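S.K.: the following comprises the amino acid sequence and a computationally predicted model.
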Amino acid sequence: MAQPSTPIRLLITHREADEAILVLARGLAQLPDFEVYITREGITSVTKEEGVILLPCPPITGKLNLSVIRLLRRYTKEYGFDLTYSPGSSGLSNALMATLGLRTKNVAYRGTGARVRRTDPTYYLGILNPRVRHIVCETEHVAGYLRSFFPAGKLTVATKPFSLPWVDKALNAPLEVEELKDKELRLSMVANNKGRPFKGLRTLLEAMVELNDHRVGLVLVGNYDEEDRAWIEATPVGKDVVFVGESPEAMRYMAGTDVYVLPSWRDASPRVVREAMSLSLPTIVSDIPGSRDLILPDKTGLLAPAQDAKALAEAIRWMLMHSEERRAMGREGRERIARDFSPTAYTELFARLFRGLILGKS
């Protein structure tokens with residue numbers, strides 16, 4: 001594809017800009033035909049890091065934040081942005097308002113297959129706004145749902161990448177839970193479960209009871225409902241489950257276990273599964289869109305029907321009884337991350353997309 005005659009000036013809104021988005025920004029900034037800007041809260045002056053120009057901005061909260069809209073509009077006029085890319089709905093809504101009447105094209109991100117309602121006017125502040133030129137979808141499942149709202153040419157599937165060096169610290173310094181050191185099989189789950197039953201924590205706890213095997217231990221990192229903890233502690237396997245709570249060392253706890261489990265009822269494309277695979281952990285995930293798209297069933301992990309504690313217990317039992325096979329799954333999972341989730345390929349996909357939008361080919 002031909003490149004634009006002048007550099008593409010891209011603004012990325014910082015709201016929900018995770019490590020993958022930052023890597024994308026840095027990767028695009030290294031290309032000769034891109035100038036990349038990203039709003040950043042907590043700074044007071046324009047600065048530059050790894051080729052990316054950082055613009056001071058207050059937190060982007062709410063779909064209509066007047067102070068943010070005024071600031072983004074000033075930046076857009078000052079720097080002449082050709083494109084905005086918003087990884088969050090608040091950033092998108094405010095960017096759409098800030099660029100009203102200007103030539104800037106707005107690109108949205110959609111990471112969930114949750115229902116879009118035409119009858120809800122708030123959706124027209126964001127994804128349903130006709131000024132959204134293109135939508136990047138996290139998975140094919142998300143794109144498939146959105147095709148009932150938009151033409152296929154307006155959608156691109158780009159699953160977030162993951163780089164193996166991101167987990168090196170955890171891999172080299174795992175945290176082992178003392179109470180579970182003698183277990184033959186140590187499971188881990190990392191999730192914020194409090195008030196979120198769809199994460200499937202109760203299903204996993206019920207699977208531990210169904211399994212009823214003291215050779216197996218479970219480490220839970222993240223918040224939780226006290227009812228779930230009280231329930232499992234009253235069972236015969238209560239001491240086989242350790243609630244760590246919220247911790248910045250989640251990956252190190254994962255690295256200290258043998259198998260990662262994510263029993264969600266719904267998910268988009270959970271980063272934590274990629275983290276587990278990068279740590280060479282075999283995985284057990286629910287057979288739902290998003291989660292199942294990340295693993296290679298029976299090669300890097302196992303699928304279990306959502307909300308089926310007995311089936312989940314059987315998958316755990318298989319991991320317990322097949323130690324060599326599960327280690328091979330872990331190795332294959334890490335290789336899959338290196339092969340199929342390259343940050344370089346992710347950056348190249350966005351570069352082609354953004355060039356096409358500027359040249360009128362997308």
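M.R.: Perfect, thanks for sending it.
S.K.: what are the ranges of the strands in the stretch 101-250 of the chain?
M.R.: 105-110, 132-137, 155-157, 185-190, 216-221, 241-245 (DSSP state E, counting those that start in this stretch).
S.K.: so can I have JSON lines of those showing mean neighbour count, distance to residue 275 and mean pLDDT?
M.R.: Heads up, the C-betas are built off the backbone N, CA and C, glycines and all. Compiled in JSON lines, these are given as follows (neighbours: other Cβ atoms under 10 Å; distance: least, Cβ to Cβ, whole Å; pLDDT from 0 to 100):
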{"stretch": "strand 105-110", "mean neighbour count": "23", "distance to residue 275": "20", "mean pLDDT": "97"}
{"stretch": "strand 132-137", "mean neighbour count": "20", "distance to residue 275": "21", "mean pLDDT": "97"}
{"stretch": "strand 155-157", "mean neighbour count": "17", "distance to residue 275": "21", "mean pLDDT": "97"}
{"stretch": "strand 185-190", "mean neighbour count": "25", "distance to residue 275": "8", "mean pLDDT": "98"}
{"stretch": "strand 216-221", "mean neighbour count": "25", "distance to residue 275": "11", "mean pLDDT": "98"}
{"stretch": "strand 241-245", "mean neighbour count": "17", "distance to residue 275": "16", "mean pLDDT": "97"}
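S.K.: now do residue 290, the pLDDT please.
M.R.: At residue 290, the pLDDT value in this model is 87.
S.K.: so which helix or strand takes in the closest residue in space to it that isn't next to it in sequence?
M.R.: Computed as Cβ to Cβ, 6 or more residues apart in numbering, the closest residue to residue 290 that is not its neighbour in sequence is residue 267, at 4.4 Å. Under DSSP states H and E, no helix or strand contains residue 267.
S.K.: for residue 17, see how far away residue 267 is.
M.R.: Distance of residue 267 to residue 17, computed by Cβ to Cβ, to the nearest Å: 20 Å.
S.K.: how about residue 105?
M.R.: For residue 105 relative to residue 17 (Cβ to Cβ), the value is 19 Å.
S.K.: then residue 160?
M.R.: 12 Å.
S.K.: show me where the stretch 51-200 of the chain has helices.
M.R.: Ranges of helices in the stretch 51-200 of the chain, per DSSP state H, counting those that start in this stretch, are 66-79, 89-98, 140-146, 168-172.
S.K.: after the helix or strand harbouring residue 324 comes which helix or strand?
M.R.: Assessed by DSSP H and E, residue 324 sits inside helix 323-340. Downstream of helix 323-340, the first helix or strand assigned by DSSP H and E is helix 343-358.
S.K.: pretty sure residue 17 is in a strand, no?
M.R.: No: judged by DSSP: H, G, I helix; E, B strand; the rest coil, residue 17 forms no part of a strand; its state is coil.
S.K.: contacting residues around it?
M.R.: 25, 38, 87, 88 (Cβ atoms under 8 Å, 6 or more residues apart in numbering).
S.K.: how is the chain partitioned into domains?
M.R.: Per automatic domain parsing, the structural domains of the chain span 8-161+342-358, 164-340.
S.K.: low pLDDT regions in the stretch 1-150 of the chain?
M.R.: 1-4, 15-16 (pLDDT under 70).
S.K.: so which of the contacts of residue 17 is the closest to residue 338?
M.R.: Using Cβ to Cβ, residue 25 comes nearest to residue 338 of the contacts of residue 17, at 21.9 Å.
S.K.: what is the neighbour count of that closest one?
M.R.: Counted by other Cβ atoms under 10 Å, the residues lying close to residue 25 total 26.
S.K.: which stretch of helix or strand covers it?
M.R.: Going by DSSP H and E, residue 25 is in helix 19-29.
S.K.: kindly export that helix (C-alpha atoms) in CSV.
M.R.: Extracted in CSV, the C-alpha atoms of helix 19-29 (Å, rounded to 0.1, in the frame of the first residue of the first chain):
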residue,chain,number,x,y,z
GLU,A,19,0.2,-2.3,27.9
ALA,A,20,-0.8,-3.5,24.5
ILE,A,21,-2.0,-0.1,23.4
LEU,A,22,1.2,1.5,24.7
VAL,A,23,3.3,-1.0,22.7
LEU,A,24,1.1,-0.2,19.7
ALA,A,25,1.8,3.5,20.1
ARG,A,26,5.5,3.0,20.5
GLY,A,27,5.6,0.7,17.5
LEU,A,28,3.7,3.1,15.2
ALA,A,29,5.9,6.0,16.4
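S.K.: could you say what helices and strands the helix or strand following that helix packs with?
M.R.: Using DSSP H and E, the next helix or strand after helix 19-29 towards the C-terminus is strand 34-40. Judged by 3 or more Cβ pairs under 8 Å, 6 or more residues apart in numbering; DSSP states H and E, the packing partners of strand 34-40 are strand 8-12, helix 19-29, strand 52-56, helix 66-79.
S.K.: pipe those into CSV and attach distance to residue 306 per row.
M.R.: Listed next are the helices and strands packed on strand 34-40 as CSV, based on distance: least, Cβ to Cβ, whole Å:
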stretch, distance to residue 306
strand 8-12, 34
helix 19-29, 26
strand 52-56, 39
helix 66-79, 38
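S.K.: figure out which of these is closest to residue 148.
M.R.: helix 19-29 (27.0 Å).
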